[in-house]
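Trainee: my questions concern the predicted model and sequence given below.
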Amino acid sequence: MRQTEFDGRGSLIRWTQSEGAGPALVYVHGLGSMSAVYHAHIAAHPALIGRRQLFVDLPGHGISDRPADFGYTLEDHAGALAAVLDAAGLTEAEVVGHSMGGSVAVVLADRRPDLVARLLLTEANLDPHPVPGAGSSGIASYTEEQFVHGGGFPEVLARVGPTWAATMRLADPLGLHRTAVGLVHGTRPTMRELLMRAKTVDRTYLVGGLDDALPGRADLIASGVRVVTVPDAGHNIMLDNPAAFVREVARPGQGSGMREGAPSRRSPGGQPSRTATAR
């Protein structure tokens with residue numbers, strides 16, 4: 001396990017990694033999740049053995065610290081993720097972000113383009129104020145006091161289902177609530193706008209085919225984002241259709257998200273689970 005300070009006050013963000021060669025793969029989890037739990041089986045696939053791969057738990061989640069004076073906005077989380085990549089000596093990493101983690105990855109690519117060569121986004125949140133549900137909007141519907149001390153946290157755990165609750169119960173209630181509020185508020189420009197303008201980054205957006213509703217799909221494609229619908233999968237594509245997910249992670253960057261004619265920054269060469277959505 002590795003760790004580094006992320007907030008200037010001694011708080012530590014922790015990650016694990018497998019040593020290897022080639023562009024590093026960095027896995028970033030969704031709201032109330034943990035990176036290794038959702039991605040370790042992907043990293044262990046023969047197609048990815050031999051790659052350097054990092055599993056990062058964002059502040060307030062998993063094994064990382066949970067400071068009460070941290071902001072937990074998307075920008076704050078992106079800063080913490082940047083601290084990991086800097087400490088690991090990485091540049092031009094391939095960031096695999098699920099749901100909220102994908103949103104953080106988009107902000108990271110905008111703020112620190114030196115750190116990101118490729119974004120592989122799994123049903124990432126691109127717009128503020130999502131449709132009300134059990135995830136970020138449901139958590140943010142509580143006040144901080146209600147969620148942390150007034151019974152809101154156990155109520156949400158009871159609603160999200162056993163798969164998501166297995167990792168959410170390990171999250172810090174304060175950090176989880178503030179992260180949900182930050183995700184609902186989004187960024188300005190929005191995460192969608194940041195993604196569409198990141199034309200020097202190889203960008204792929206994965207959509208689960210069980211509910212293939214992606215607003216603004218045509219505009220994303222027109223901006224150079226490669227949009228892929230994964231069959232037999234819901235929000236947790238890596239759990240529902242791991243074979244298809246591995247193919248996308250292992251796929252060499254084609255420069256599809258770059259300006260036409262621009263040189264690549266990289267060198268060449270199951271049953272669906274239908275669990276609650278981690279948004």
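Mentor: Cool, the structure landed.

Trainee: please name the nearest non-neighbouring residue to residue 156.
Mentor: Closest residue in space to residue 156, ignoring its immediate chain neighbours: residue 139 at 5.8 Å, by Cβ to Cβ, 6 or more residues apart in numbering. Any C-beta I mention is one placed from the backbone N, CA and C, and that applies to glycine too.

Trainee: can you classify that neighbour by secondary structure?
Mentor: At residue 139, secondary structure determined by DSSP: H, G, I helix; E, B strand; the rest coil is helix.

Trainee: residue 211 and residue 234 touch, don't they?
Mentor: Yes: here residue 211 lies in contact with residue 234, judged by Cβ atoms under 8 Å, at a distance of 6.6 Å.

Trainee: more neighbours, the two?
Mentor: Neighbours were counted for residue 211 and for residue 234 using other Cβ atoms under 10 Å; residue 234 has more, 20 against 13.

Trainee: just the helices from the protein, written as ranges.
Mentor: 35-43, 74-87, 100-111, 136-140, 144-149, 152-160, 162-168, 173-185, 191-197, 217-222, 237-240, 242-250 (DSSP state H).

Trainee: just name the most buried of those.
Mentor: Across the helices of the chain, the average number of neighbours (mean count of other Cβ atoms under 10 Å) peaks for helix 100-111, which reaches a mean of 27.

Trainee: so how far is that helix off the chain centroid?
Mentor: Distance of helix 100-111 from its chain centroid, counting by Cα atoms, centre = their mean, to the nearest Å, is 7 Å.

Trainee: contacts for that helix, please.
Mentor: Helix 100-111 has contacts (Cβ atoms under 8 Å, 6 or more residues apart in numbering) with 27-31, 33, 35, 58, 74-75, 77-79, 81-82, 95-97, 115-116, 119, 121-126, 136, 179, 183, 186-187, 191, 194-195, 197-198, 201, 278-279.

Trainee: got the angle between that helix and helix 74-87?
Mentor: 70 degrees (axes from the mean of the first three to the mean of the last three Cα atoms, to 10 degrees).

Trainee: tell me, what residue is most central in the protein?
Mentor: residue 101 (1.9 Å; Cα atoms, centre = their mean).

Trainee: out of everything not next to it in sequence, what's closest to it?
Mentor: Nearest one to residue 101, counting by Cβ to Cβ, 6+ apart, is residue 28 at 3.4 Å.

Trainee: so who does the one you found touch?
Mentor: Taking Cβ under 8 Å, 6+ apart as the test, what residue 28 contacts is 35, 56, 58, 81, 95, 96, 97, 98, 101, 102, 104, 105.

Trainee: now residue 250
Mentor: Contacts of residue 250 by Cβ under 8 Å, 6+ apart are 45, 47, 48.

Trainee: contacts only, for the first one.
Mentor: Residue 45 makes contacts with 242, 246, 250, as judged by Cβ under 8 Å, 6+ apart.

Trainee: quick check, pLDDT for residue 276.
Mentor: Here the pLDDT value assigned to residue 276 is 42.

Trainee: scratch that, residue 53
Mentor: If you check residue 53, the pLDDT there is 98.

Trainee: beta partners for it?
Mentor: Beta-bridge pairing of residue 53 under DSSP bridges involves residue 18, residue 25.

Trainee: tally up the residues packed near it, please.
Mentor: Neighbours around residue 53, by other Cβ under 10 Å: 24.

Trainee: likewise the one 3 residues further on?
Mentor: When neighbours are counted by other Cβ under 10 Å, residue 56 registers 30.

Trainee: find the nearest non-adjacent residue to it, please.
Mentor: residue 15 (4.4 Å).

Trainee: OK, contacts around that neighbour?
Mentor: Contacts of residue 15 by Cβ under 8 Å, 6+ apart are 1, 2, 3, 35, 54, 55, 56, 57, 84, 88.

Trainee: rerun that using 7 Å as the cut-off
Mentor: By Cβ atoms under 7 Å, 6 or more residues apart in numbering, the residues touching residue 15 are 2, 54, 55, 56, 57, 84.

Trainee: roughly how far is stretch 157-172 from the heart of the chain?
Mentor: Relative to its parent chain, stretch 157-172 has a centroid offset of 17 Å by Cα atoms, centre = their mean.
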